[in-house]
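Q: Provide a 3D model corresponding to the input given below.
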Amino acid sequence: MNIKTIILAAGQGTRMRSVKPKVLHKIADRALLHHVYDTSKQIQNNSIVIVYGHGGELVKEELQELDVDWVEQKQQLGTGHAVQQADKFINGDDKVLILYGDVPLLKKTTIDKLLANVSQNSIGLLTVDLDNPTGYGRIVRAKDGSVLKIVEEKDSNDKEKLITEGNTGIIAAQGDLLKQWLSKLENSNAQKEYYLTDIIEMAVNDDIDVKTNHPDTQDEVLGINDRSQLAHLERVFQLQQAEELMKQGVTLRDPARIDVRGKFDGIGQDVEIDINVIFEGSNTIGNRVKIGSNCILKNAVIGDGVEILANCIIEDAVVGERSRIGPFARLRPQAELASEVHIGNFVEIKKSTVATGSKINHLSYIGDTTVGSKVNIGAGTITCNYDGVNKFRTVIEDNAFIGSDTQLIAPVTVGKGATIGAGSTISRDTPENQLTLSRSKQMTINSWQRPVKKS
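A: Numbers count the residues shown, from 1 in each chain. Modelled structure (predicted):
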């Protein structure tokens with residue numbers, strides 16, 4: 001069985017009040033259209049066509065990596081007209097699925113049920129029971145419960161407006177039947193548009209059974225038309241991610257205050273996550289990890305038993321097992337920490353390796369540096385790695401002790417077991433197991449007086 005999915009993504013989205021095409025607005029830092037595509041890719045033997053229109057070149061440019069056929073709807077003349085643009089991609093023996101680029105939370109399980117309703121004798125239609133059906137086309141049924149037609153709200157009478165079963169617009173049909181019905185669409189309605197929904201009445205007239213199924217929730221088929229709906233579905237999606245984490249055994253201090261804007265390549269047991277933590281990209285979290293409030297992790301690999309205190313940012317970095325980070329620490333790209341490393345408050349590490357058992361606890365910048373094991377780096381230490389044009393490397397060997405307020409001017413090596421006196425500026429390699437320091441002579445000038453402002 002071959003599936004052909006047609007995703008309609010040509011709408012302008014005027015209520016978004018944005019120059020950006022509606023389908024490029026994001027949930028969890030991923031375009032709405034990309035969410036729909038991701039779900040579609042889970043369907044076996046499926047090929048995807050995207051019908052674009054408003055801002056289409058920008059849509060294609062930003063989502064050029066998608067494995068799809070693109071087709072343009074140059075004039076927006078309705079949903080039926082949009083599907084007609086993809087007619088050349090539809091084969092008679094395909095099962096054709098019609099989705100929408102601004103309906104991001106539709107589940108594959110719902111799609112599977114819809115596709116199961118498709119045959120030469122039946123068409124699948126996804127409907128939803130609504131507390132307030134305003135704006136939705138209504139499902140008109142016969143007394144025996146069979147579907148007769150769909151009436152758009154602007155074309156409905158007072159009795160039809162009372163119907164609470166709404167049309168989602170999501171349809172699945174056999175390719176040859178769909179092509180036949182598409183060729184018969186007319187625009188004799190209030191909007192002067194070619195409605196895709198008209199094929200339902202055509203199917204009934206051809207004695208094709210219209211089989212309906214429903215999503216688990218209304219939010220699953222909610223389309224986004226304005227910023228309020230976008231914000232609503234963002235929280236729905238994030239709560240779904242939180243529920244999935246808790247099913248895996250993760251403790252969330254408040255499931256309503258976590259954002260997952262990517263994926264987990266792995267997450268261990270007995271993980272605890274405090275409030276307002278953001279995960280971006282692809283993260284791997286080990287066992288017994290504790291993450292404090294207000295942290296951001298992006299493409300991070302966190303080992304077993306790590307504790308990350310509040311307000312830390314970890315990006316494209318590796319943290320070894322039983323290490324302790326923060327609070328207010330920043331690990332920038334290519335920071336790699338071995339096991340039992342302590343990184344304290346207001347410490348920034350970039351493109352550096354720190355070996356087992358080393359400590360950088362206060363107010364330091366370590367960049368382009370190789371730090372050995374059991375090194376202690378004092379408060380206010382700076383590796384001066386950049387001369388304005390080139391980057392140079394600092395090497396601090398095992399068991400070295402770096403006194404507070406030290407500047408290490410790269411390229412430079414601090415030998416094994418060496419001690420650097422506080423307040424030093426080190427510009428040459430230092431010997432092993434020796435004290436090295438550089439200080440100007442302390443002086444007191446007895447005759448000096450502090451300047452006083454003239455009145």
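Q: now Lys149, nearest residue through space, not along the chain?
A: Distances taken as Cβ to Cβ, 6 or more residues apart in numbering put Glu201 closest to Lys149, at 4.0 Å, once the chain neighbours are dropped. The way it works is simple: take the backbone N, C-alpha and C, and place the C-beta from them, glycine included.
Q: Any buried residues in the host helix or strand of the one you found, and which?
A: Under the criterion of DSSP states H and E, Glu201 resides in helix 198-205. Neighbour-count burial for helix 198-205, counted by 16 or more other Cβ atoms under 10 Å, picks out 198-204.
Q: Out of these, which is nearest to Thr109?
A: Nearest to Thr109 out of those is Ile200 (Cβ to Cβ; 23.2 Å).
Q: measure that closest one to Lys107 for me?
A: Per Cβ to Cβ, to the nearest Å, Ile200 is found 23 Å from Lys107.
Q: sorry, back to before: include pLDDT and distance to Met16 when you put the buried residues of helix 198-205 into a markdown table, please.
A: Output for these, formatted as a markdown table (pLDDT from 0 to 100; distance: Cβ to Cβ, whole Å):
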| residue | pLDDT | distance to Met16 |
| --- | --- | --- |
| Asp198 | 92 | 28 |
| Ile199 | 95 | 29 |
| Ile200 | 94 | 29 |
| Glu201 | 92 | 32 |
| Met202 | 95 | 33 |
| Ala203 | 96 | 33 |
| Val204 | 94 | 36 |
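Q: Determine which two of the residues you listed are furthest apart.
A: Asp198 and Val204 (11.0 Å).
Q: elements contacting the helix holding Glu201?
A: Counting contacts by 3 or more Cβ pairs under 8 Å, 6 or more residues apart in numbering; DSSP states H and E, helix 198-205 packs against strand 122-129, strand 147-151, strand 165-174, helix 175-182, strand 209-213.
Q: How confident was the prediction at the residue lying closest to Leu125 once chain neighbours are set aside?
A: Nearest non-adjacent residue to Leu125, counting by Cβ to Cβ, 6+ apart: Thr212, 4.9 Å away. Model confidence at Thr212, given as pLDDT, is 96.
Q: so Thr212 makes contact with Ile139?
A: Yes - between Thr212 and Ile139 there is a contact under Cβ atoms under 8 Å: 7.4 Å.
Q: which one's the longest helix in the chain?
A: Across the chain, the longest stretch assigned as helix under DSSP state H is helix 227-247.
Q: Could you identify the helix or strand that succeeds that one?
A: With elements assigned by DSSP H and E, the helix or strand that comes after helix 227-247 is strand 251-252.
Q: Summarise which helices and strands that next one is packed against.
A: Secondary elements touching strand 251-252 (3+ Cβ pairs under 8 Å, 6+ apart): helix 227-247, strand 272-273.
Q: which secondary structure elements does the following helix or strand past it contact?
A: Counting by DSSP H and E, the next helix or strand C-terminal to strand 251-252 is strand 258-267. Taking 3+ Cβ pairs under 8 Å, 6+ apart as contact, the helices and strands that strand 258-267 lies on are helix 227-247, strand 277-285.
Q: returning to what we had before: isn't the residue nearest to Lys149 right up against Val147?
A: No - using Cβ under 8 Å as the test, Glu201 is too far from Val147 to be in contact (9.1 Å).
Q: and the closest residue in space to Gly372 that isn't next to it in sequence, backbone torsions?
A: Ranked by Cβ to Cβ, 6+ apart and with sequence neighbours excluded, the top spatial neighbour of Gly372 is Asp398, at 3.8 Å. Per-residue torsions, Asp398: phi -50, psi 140 (degrees, to the nearest 10).
Q: what does Lys154 give?
A: The phi/psi pair for Lys154 (degrees, to the nearest 10) reads phi -70, psi -20.
Q: before we move on, what about Ile139?
A: Phi and psi for Ile139, reported as degrees, to the nearest 10, are phi -90, psi 110.
Q: can you check His81 too?
A: The phi/psi pair for His81 (degrees, to the nearest 10) reads phi -60, psi -40.
Q: burial of it, as a residue count?
A: Residues near His81, counting by other Cβ atoms under 10 Å, number 20.
Q: so the closest residue to it other than its chain neighbours is in which element?
A: Of all residues not flanking His81 in the chain, Tyr194 sits nearest, at 4.2 Å (Cβ to Cβ, 6+ apart). Using DSSP H and E, Tyr194 sits within no helix or strand.
Q: and the gap between the residue nearest to Ala116 when sequence neighbours are not counted and Val96?
A: With sequence-adjacent residues excluded and distances taken as Cβ to Cβ, 6+ apart, Ala116 is closest to Gly124, at 7.6 Å. Gly124 sits at a distance of 10 Å from Val96 (criterion: Cβ to Cβ).
Q: okay, those two: which has more neighbours?
A: Neighbour count, other Cβ under 10 Å: between Gly124 and Val96, Val96 has more, with 28 against 25.
Q: which residues does the more buried one contact?
A: When contacts are counted by Cβ atoms under 8 Å, 6 or more residues apart in numbering, Val96 touches 3-6, 90, 172-175, 178.
Q: sec struct for it, please.
A: For Val96, the assignment made with DSSP: H, G, I helix; E, B strand; the rest coil gives strand.
Q: any idea how far it is from Asp206?
A: Distance from Val96 to Asp206, by Cβ to Cβ: 16 Å.
Q: ditto for Pro431
A: For Pro431, the distance to Asp206 equals 92 Å [Cβ to Cβ].
Q: Please apply the same query to Leu233.
A: Separation of Leu233 from Asp206 (Cβ to Cβ): 36 Å.
Q: what does Val221 give?
A: Val221 is 26 Å from Asp206, by Cβ to Cβ.
Q: neighbour-wise, which of the two wins?
A: Val221 (24 against 13).
Q: which residues does that one contact?
A: 103, 105-106, 126, 128, 168, 170, 215.
Q: let's go with 6 Å and repeat that
A: Contacts for Val221 (Cβ atoms under 6 Å, 6 or more residues apart in numbering) come out as 128, 168, 215.
Q: Many thanks, I have nothing further to ask.
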